[in-house]
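**Student:** Predicted coordinates and the sequence they were generated for:
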Amino acid sequence: MTGIPEPTLRAWERRYGIPAPERTASGYRLYSLEEVEQVRAMRTACDGGMSAAEAARWVREQAAQGGASDGKAVVPGSDPFESAQATLLDAIERFDEEALEACLRQMMFMGHSTTVFDQIVSPTLREVGIRWHEGEMSIAQEHFATQRLGKFTRDLMQLASSSNAASKVVLGAFADDEHEVGLLGLGLRLSTWGFRPIFLGAKTPPGAIRNAVESVAPGLVALSVTLTPERARARELIDDYANACGDVPWLVGGAGVRPIAKLIEEHGGLVDPGEPVALRAIIREAIDASRKPNPKKGKK
């Protein structure tokens, strides 16, 4: 009925009180429809990245709120990530700050920070962009969404980072790029890998990168490009960013990186492969290589 193996179901019942079936005189368990839905909700939340303890707490919170009977909060039994997206989009369309904040608070308990970003924040903002492009949302709604979800992602990034992190990472979007959500997502992932982010934001010129590199001596510079610049402009920017970074490893990611990937690599930059494990490996390799003494330096 629920698709949960019996040993797991018994463990959840024993540890978290979900489900809490009635017992017959002969010891058989009787499950109500509500309990079946709660178990399904826990399974969906766990499949999405939540721990069993987090999922149980989330299910109990939803039950205490009446199961989201107004239809606008995350509904037990449905995909929690898709439901959160729907809740955010509804709040954005209505400029409902209170509903938006309530959903954002709930999202803090829906799994690892990168999971929350990848499964809720990023697709929600992508959908907002599509609706704005098609005339279904106003520029005011788009700004409302970007501002609130951007702040939420910055909060996640700060929570994930450590002041004792071994390496700093300077984060900036290409000089002509007004979008910073992809950059925030990259910064969030790097924070969970032990970097301390220094966020410069959208439209970061090469000169600002140079100043940051000279001031904080980061272990990595991470850049984001959402809209691919035309070829001549791309070559100019990439050349300037390469010079600004000097010996510090630098990485470019974002939706617009693929058409200029070869150009970036020709200038010594790294390109986000789009897969976290591979990305982490190439970053670590580049940083380790940059720390090795160069026998050619210092020779006359």
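**Tutor:** In hand now; what should we look at?
**Student:** For the stretch 151-300 of the chain, which residues score under the pLDDT cut-off?
**Tutor:** 162-165, 293-300 (pLDDT under 70).
**Student:** Apply 80 and report the result again.
**Tutor:** Per-residue confidence for the stretch 151-300 of the chain (pLDDT under 80) gives these ranges: 160-166, 290-300.
**Student:** Please enumerate the helices of it.
**Tutor:** In chain order, the stretch 151-300 of the chain shows helices spanning 181-192, 206-216, 231-245, 261-266, 276-291, with DSSP state H, counting those that start in this stretch as the criterion.
**Student:** most centrally placed residue in the protein?
**Tutor:** For the chain, the residue nearest the mean C-alpha position is F117 (2.7 Å; Cα atoms, centre = their mean).
**Student:** got the contact list for that residue?
**Tutor:** With Cβ atoms under 8 Å, 6 or more residues apart in numbering as the criterion, the residues that contact F117 are 153, 156, 184-185, 188. C-betas here are computed from N, CA, C, even on glycine.
**Student:** Which of these are buried? Put it as a ChimeraX command.
**Tutor:** Buried residues within the contacts of F117, as defined by 16 or more other Cβ atoms under 10 Å, are selected in ChimeraX through the command that follows:
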select :153,156,184,185,188
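**Student:** helices and strands around the strand or helix carrying Q147, which ones?
**Tutor:** Taking DSSP states H and E as the criterion, the element that holds Q147 is helix 139-160. Helix 139-160 is packed against helix 80-93, helix 97-107, helix 113-116, helix 122-133, helix 181-192, strand 195-201, with contacts defined by 3 or more Cβ pairs under 8 Å, 6 or more residues apart in numbering; DSSP states H and E.
**Student:** I'd like the contacts of F117 written out as JSON lines, with distance to A20 added.
**Tutor:** As requested, the contacts of F117 are arranged in JSON lines below (distance: Cβ to Cβ, whole Å):
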{"residue": "T153", "distance to A20": "37"}
{"residue": "L156", "distance to A20": "33"}
{"residue": "L184", "distance to A20": "41"}
{"residue": "G185", "distance to A20": "39"}
{"residue": "L188", "distance to A20": "37"}
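**Student:** Tell me which two in the contacts of F117 are the farthest apart.
**Tutor:** Largest separation among those by Cβ to Cβ: L156 and G185, giving 9.7 Å.
**Student:** Next, work out how far apart R280 and F195 are.
**Tutor:** Going from R280 to F195 by Cβ to Cβ, to the nearest Å gives 11 Å.
**Student:** Between the two, which is the more surrounded one?
**Tutor:** More crowded of R280 and F195, by other Cβ atoms under 10 Å: F195, with 26 against 14.
**Student:** ok, for the more buried one, nearest residue in space, not its chain neighbours?
**Tutor:** Computed as Cβ to Cβ, 6 or more residues apart in numbering, the closest residue to F195 that is not its neighbour in sequence is V169, at 4.1 Å.
**Student:** and if you look at S122?
**Tutor:** G185 (6.0 Å).
**Student:** Would you agree the one you found is in contact with I120?
**Tutor:** No. Counting by Cβ atoms under 8 Å, I120 is not a contact partner of G185; they are 11.5 Å apart.
**Student:** Please enumerate the shared neighbours of those two.
**Tutor:** With the criterion set as Cβ under 8 Å, 6+ apart, the contacts of G185 and I120 do not overlap.
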